[in-house]
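>>> Below are the sequence and a predicted model for it; my questions follow.
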Amino acid sequence: MLLNSNSRRSFLRTSAMGAVALGVGCTAKSYARIIGSNDRVNFGVAGLNSRGKALAASIKDTDNTAITAVCDVDSRVIEAAKAMVKESMDIDPTPYVDFRKMVESAEIDAVAIASPDHWHAPMAIIAASAGKHVYLEKPCCHNPREGEMVIAARDKYQRVIQMGNQQRSAPTSQSAIKDIRDGMIGDVYFGKAWYSNGRKSIGVGQKTAEPEWLNWDLFQGPAPREDFRDNIVHYNWHWFWNWGTGEINNNGTHELDICRWALGVDIPKSVSSSGGRFHYEDDWEFYDTQLANFEFEDEKMITWEGRSCNSHLHHGRGRGVTIHGTQGTVLMDRSGYEVFDNDGNSLKKRTEKEVNDGLNLVGGGDMTTLHMTNFCNGIRISEKLNASIDDGYISNLMPHLGNMSQKYGRTLHIDQSNGHVKNDAEAMGMWGRDYEPGWEPVV
């Protein structure tokens, strides 16, 4: 029997009371989670090999939540995730390999998606159409058209969808933006974002049989089919066009988002990018070195410098931003910010309670938990989202435009009403993608 949302919560609450009265089937830990379950958010988590672990931990640390389902195409990861949830939340989550089956469950209110990039938007659309709210890791889309579709799905199905650009929920970042809005560094006009890491070569992959623990067909899902190679799963898919979106989307999205937030700008009017795969000769299809420039109205500009394979730091940081104004500069990253005047004197400095390792591939911690809490409050009490999908999509669009400019080696001129490239049919050919027949997302 399937229960609707209200009936399910009533049933769980009544069942919990009965279990306590009988003294069976309910430990103190699990009972604490069931009390007040009328507003508990039950999650299914998809993609548990890396970032999904951090999302699961933040769900655990968010009040009145439960993880009732886990989903991954790697059977080893599913077993580890089940054990983690059982240990930390005293819940035995239902395991799934196929995301489409998971969202059919009436027990799930929301999904947290940390799958490979090519699955992000299709999963969000499938989940919203099934009545689930969505916490969607960046990038929110493998291509701009999918971003438009996710927003359309949010509007059609009236679901809460938050993108995982969690620095929007960081107290120090919010304080820095307030200082900028209050005029502490005058009129702001330029944002510099960077990311530097010491990634190694991914080599040249060999075609092999897919591992027995991996469902390769479901891993590929909406992407056109390719033979399994031994240098794709689990992380290196980021660097292949069929499944990934490159470093500028993988990490640049975060800092470009902060620059855009600080400058108060939306869609750029022009985009240019240069760089290449300079450090190694291997299967990596994107760029390990990239300089992308975004120009806006009112003489404002944002630049992103990505160096995937050279870890030299800027301002002692592997990633971060500087926001420049007529009266000073703000240096900001996930661990805090500092304000300087034009003579280089420090005017103000604040640090986060928890220092964040910006190059940690899993992430997580207080910042993600604050973002997850904001998402859950958006569901429960219509709290304003810190990173609604409308705003998140614009920050995600910028890296996509950067990759388009890079691929075709020219400046793109943008229609600021919708983000489309003007008078360039070739570049607009990258607005969407080809799908495996039968897997096309539909809103």
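Right, received. Where do you want to start?

>>> State the phi and psi torsions of Asp74.
Dihedral angles phi and psi of Asp74 (degrees, to the nearest 10) take the values phi -110, psi 110.

>>> I'd like the distance between it and Lys60.
As defined by CB to CB, to the nearest Å, Asp74 lies at a distance of 21 Å from Lys60. For every residue, glycine as well, the C-beta is placed using N, CA and C.

>>> what sits against Gln327?
Gln327 makes contact with Gly183, Met184, Ile185, Gly186, Asp341, Asn342 under the criterion CB atoms under 8 Å, 6 or more residues apart in numbering.

>>> now it: how far from His314?
Spatial separation of Gln327 from His314 under the definition CB to CB is 22 Å.

>>> just Asp257 next, same as before
Using CB to CB, which is the criterion applied here, Asp257 is 18 Å from His314.

>>> again with Thr62
Plainly put, Thr62 is 33 Å away from His314 if you go by CB to CB.

>>> What of Trp119?
Distance, Trp119 to His314, using CB to CB: 33 Å.

>>> The two: which is more packed in?
Here Trp119 and His314 are set side by side on neighbour count (other CB atoms under 10 Å), and the busier one is Trp119, at 24 against 19.

>>> Let me see the contact set for the more buried one.
Under the criterion of CB under 8 Å, 6+ apart, the contact partners of Trp119 comprise Ala46, Gly47, Phe99, Ile113, Gly221, Pro222.

>>> which among those residues end up buried?
Buried positions within these, assessed by neighbour count (16 or more other CB atoms under 10 Å), are Ala46, Gly47, Phe99, Ile113, Gly221, Pro222.

>>> The residues you listed in strands, which ones?
Taking DSSP state E, the ones among the buried ones among the contacts of Trp119 that sit in strands are Ala46, Ile113.

>>> Export the buried ones among the contacts of Trp119 to JSON lines and append columns for pLDDT and distance to Cys309.
Conversion of the buried ones among the contacts of Trp119 to JSON lines gives the following (pLDDT from 0 to 100; distance: CB to CB, whole Å):
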{"residue": "Ala46", "pLDDT": "98", "distance to Cys309": "30"}
{"residue": "Gly47", "pLDDT": "97", "distance to Cys309": "25"}
{"residue": "Phe99", "pLDDT": "98", "distance to Cys309": "33"}
{"residue": "Ile113", "pLDDT": "98", "distance to Cys309": "28"}
{"residue": "Gly221", "pLDDT": "98", "distance to Cys309": "29"}
{"residue": "Pro222", "pLDDT": "98", "distance to Cys309": "30"}
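
>>> Just to be sure, Glu226 is in a strand?
No: when classified by DSSP: H, G, I helix; E, B strand; the rest coil, Glu226 is found to be coil rather than part of a strand.

>>> out of everything not next to it in sequence, what's closest to it?
In this structure, Glu226 finds its nearest non-sequential neighbour in Asn242, 6.2 Å apart by CB to CB, 6 or more residues apart in numbering.

>>> part of a strand, is the one you found?
No: remark: Asn242 does not belong to a strand; assigned using three-state DSSP, it is coil.

>>> need the contact list for it.
Applying CB under 8 Å, 6+ apart, one finds that Asn242 lies in contact with His118, Ala223, Pro224, Glu226.

>>> what do you get if the cut-off is 10 Å, keeping everything else the same?
For Asn242, the contacting residues are Pro116, His118, His142, Gln220, Ala223, Pro224, Arg225, Glu226, Ile232, Glu285, Arg433, Asp434, by CB atoms under 10 Å, 6 or more residues apart in numbering.

>>> Kindly report the same for Gly244.
By CB under 10 Å, 6+ apart, the contact list for Gly244 reads 116-118, 139, 142, 232, 235-238, 250, 284-286.

>>> Spatially nearest residue to it, not counting backbone neighbours?
Nearest non-adjacent residue to Gly244, counting by CB to CB, 6+ apart: His238, 4.0 Å away.
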